[in-house]
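*Asks:* Just the structure for this:
(chains A, B, C and D)
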Protein chains: 2
Amino acid sequence: MLVLQVLHNGPLHGYVIAQRIHALSNDVLAVEEGSLYPALQKMLMKGWVKAEWGISETNRKVRFYTLTRDGRKQLSTEASEYDRATTAIQSVMRTA
Amino acid sequence: MLVLQVLHNGPLHGYVIAQRIHALSNDVLAVEEGSLYPALQKMLMKGWVKAEWGISETNRKVRFYTLTRDGRKQLSTEASEYDRATTAIQSVMRTA
DNA sequence: TTGACAGGCATAAGGAAACTAGGTATATAT
DNA sequence: ATATATACCTAGTTTCCTTATGCCTGTCAA
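*Replies:* Okay, here's the model as predicted:
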């Protein structure tokens, strides 16, 4: 969900995706490379993102990932499920 | 965290723990028995709960679990970590 | 000019934890 | 008598993350 979310504003390559999530979470969340790249492969296969090789700001060969229409849909689904789950957990934590 | 939380008000047996979480979450969360009982075993070994055999309201032999001091500490730790994580995720979802 | 370092992609091996699916047993109500 | 709900437990599988590793390249300082 977080990866899809940070791609919402436009294409990014893997390295920057991880940096972005780390920064936006105030350094609380860290997406390891061993999690990120397999996850991106999976999203590619599912058709949630598409990938293109290009050159980064730092002049290196990088793979840019772009959200597809299906990816946007998936993001919205996952965000709803996440809200539903955290709301439910909140209920238990407050009430019990 | 949820199991520890529902034990906060007093001892319960496994079956009721699952029912309680289900009900308090408005039927959103379901703790399967295949998750619950192994989890309770682990918490026993860690010393977060203690267990005693007894008779339920429904007149059956059941195992009542009670939060220990360590369990209360663990609950508070896990609740803090959970808050920290969800706050961080919230930041990414709002900002990105 | 060469070596260190950061940036960048990727996979393999291991572990943690959930789910599915099964097994056992008993009180109660029909 | 039997169906149903209650109640505990474990084995096997899957899923996902983490750790560890490998490889490559651009930049900058010694």
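*Asks:* quick one: the longest helix along chain A to chain centroid distance?
*Replies:* Identified as the longest helix of chain A according to DSSP state H is helix A:69-95. Centroid separation for helix A:69-95 versus its chain: 15 Å, with CA atoms, centre = their mean, to the nearest Å.
*Asks:* Any buried residues in it, and which?
*Replies:* The neighbour-count check on helix A:69-95 (16 or more other CB atoms under 10 Å in any protein chain shown) flags A:71, A:74-75, A:88-89, A:91-93 as buried. Quick note: C-beta positions are derived from backbone N, CA and C, even for glycine.
*Asks:* and if you look at stretch A:6-15?
*Replies:* So for stretch A:6-15, counting by 16+ other CB under 10 Å, buried means A:6-7, A:11-14.
*Asks:* so which of those residues comes closest to chain B?
*Replies:* Relative to chain B, the closest of the buried residues of stretch A:6-15 is A:V6; by CB to the nearest CB it sits at 4.6 Å.
*Asks:* re the thing from before, now distance to B:H22 too, for the buried residues of stretch A:6-15, in JSON lines please.
*Replies:* As requested, the buried residues of stretch A:6-15 are arranged in JSON lines below (distance: CB to CB, whole Å):
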{"residue": "A:V6", "distance to B:H22": "34"}
{"residue": "A:L7", "distance to B:H22": "35"}
{"residue": "A:P11", "distance to B:H22": "42"}
{"residue": "A:L12", "distance to B:H22": "40"}
{"residue": "A:H13", "distance to B:H22": "43"}
{"residue": "A:G14", "distance to B:H22": "39"}
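*Asks:* quick one on the thing from earlier: quick one: check the longest helix of chain A for contact with DNA strand C.
*Replies:* No: for helix A:69-95, no contact with DNA strand C is found by CB under 7 Å from any atom of the strand; the gap never falls below 10.9 Å.
*Asks:* Which strands or helices does that helix pack on?
*Replies:* Using 3 or more CB pairs under 8 Å, 6 or more residues apart in numbering or on different chains; DSSP states H and E, the elements in contact with helix A:69-95 are helix A:2-6, helix A:33-46, helix B:2-6, helix B:14-24, helix B:69-95.
*Asks:* now these as CSV including mean pLDDT and distance to B:M45?
*Replies:* Shown next, in CSV, are the helices and strands packed on helix A:69-95 (pLDDT from 0 to 100; distance: least, CB to CB, whole Å):
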stretch, mean pLDDT, distance to B:M45
helix A:2-6, 96, 33
helix A:33-46, 94, 29
helix B:2-6, 96, 14
helix B:14-24, 94, 16
helix B:69-95, 95, 12
